[in-house]
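A.B. asks: Structure, please.
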Amino acid sequence: MMNKGFMMIGLGLVTSTLVGIAHAVEEGDPAPDFALPSIYADQPAIALADMPGKTVYVDFWASWCAPCLTSLPLYNDLYNKYRDQGLEVVAINVDNPIEDGLDFLLDTPLDFLIPSDPEGDMATQFSVIGMPSSYLIGPDGEVKLVHMGFRPTDMEMIEAAIVANLPD
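C.D. replies: Now for the predicted structure:
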């Protein structure tokens with residue numbers, strides 16, 4: 001099951017690239033807009049358009065991705081440290097079935113927004129090629145940092161980028 005979800009994203013990326021619809025999201029690009037349902041059925045949809053003027057750290061993750069499971073609690077700490085200064089963390093879950101992501105969240109509750117993208121539509125729009133993949137979006141809507149993979153030693157660089165891009 002683990003490889004199915006990743007393959008689906010990979011095939012979507014290849015298809016989009018071959019027909020010229022998408023290109024890899026890079027630093028300096030405008031962030032792709034998104035509106036996705038929350039992973040929690042009783043929560044409202046989550047849209048980038050609802051976060052104007054905020055610094056938004058978008059992270060694509062899946063329950064089968066070991067580095068993702070390490071990074072999410074650390075992102076939660078960053079969120080709690082900087083949310084009053086204008087940081088939003090949006091962790092887009094690509095698990096299909098969604099219950100796999102929900103099972104992880106039972107053991108690791110997180111305070112930030114968690115939309116669900118089980119078909120990989122947003123992952124394709126962002127041109128995600130591996131898990132985890134993260135995009136720091138400045139208050140101006142521009143992608144300030146693209147980060148692939150995760151090691152705990154990455155947190156210093158990620159935090160510095162977030163701090164440098166917090167709203168004034």
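A.B. asks: What residues are bridge-paired with I46?
C.D. replies: Counting by DSSP bridges, I46 forms beta bridges with L36.
A.B. asks: who touches the residue nearest in space to the middle of the chain in this structure?
C.D. replies: Among the residues of the chain, the one closest to the centroid is D59, at 2.0 Å (CA atoms, centre = their mean). Residues counted as contacts of D59 (CB atoms under 8 Å, 6 or more residues apart in numbering) are C68, S71, L72, Y75, V89, V90, A91, I92, P132, S133, S134, Y135. C-beta coordinates here come from the backbone N, C-alpha and C atoms, glycine included.
A.B. asks: same for the one helix or strand the third one maps to, what does it pack against?
C.D. replies: For L72, the host element (DSSP states H and E) is helix 66-82. In this structure, helix 66-82 packs against strand 55-61, strand 87-93, helix 155-164, with contacts taken as 3 or more CB pairs under 8 Å, 6 or more residues apart in numbering; DSSP states H and E.
A.B. asks: what do you get if the cut-off is 10 Å, keeping everything else the same?
C.D. replies: The elements that helix 66-82 packs onto, with contact taken as 3 or more CB pairs under 10 Å, 6 or more residues apart in numbering; DSSP states H and E, are strand 55-61, strand 87-93, helix 98-107, strand 133-137, helix 155-164.
A.B. asks: The second one to strand 133-137, inter-axis angle?
C.D. replies: It refers to strand 87-93. Angle, strand 87-93 to strand 133-137, by axes from the mean of the first three to the mean of the last three CA atoms, to 10 degrees: 150 degrees.
A.B. asks: Tell me what V56 is bridged to.
C.D. replies: Under DSSP bridges, the beta-bridge partners of V56 are E88, I137.
A.B. asks: contacting residues for it?
C.D. replies: For V56, the contact set (CB atoms under 10 Å, 6 or more residues apart in numbering) comprises 31, 48, 86-90, 113, 135-139, 141, 144, 162, 165.
A.B. asks: Now with 8 Å, please.
C.D. replies: With contact taken as CB under 8 Å, 6+ apart, V56 is in contact with A31, L48, L87, E88, V89, V90, L136, I137.
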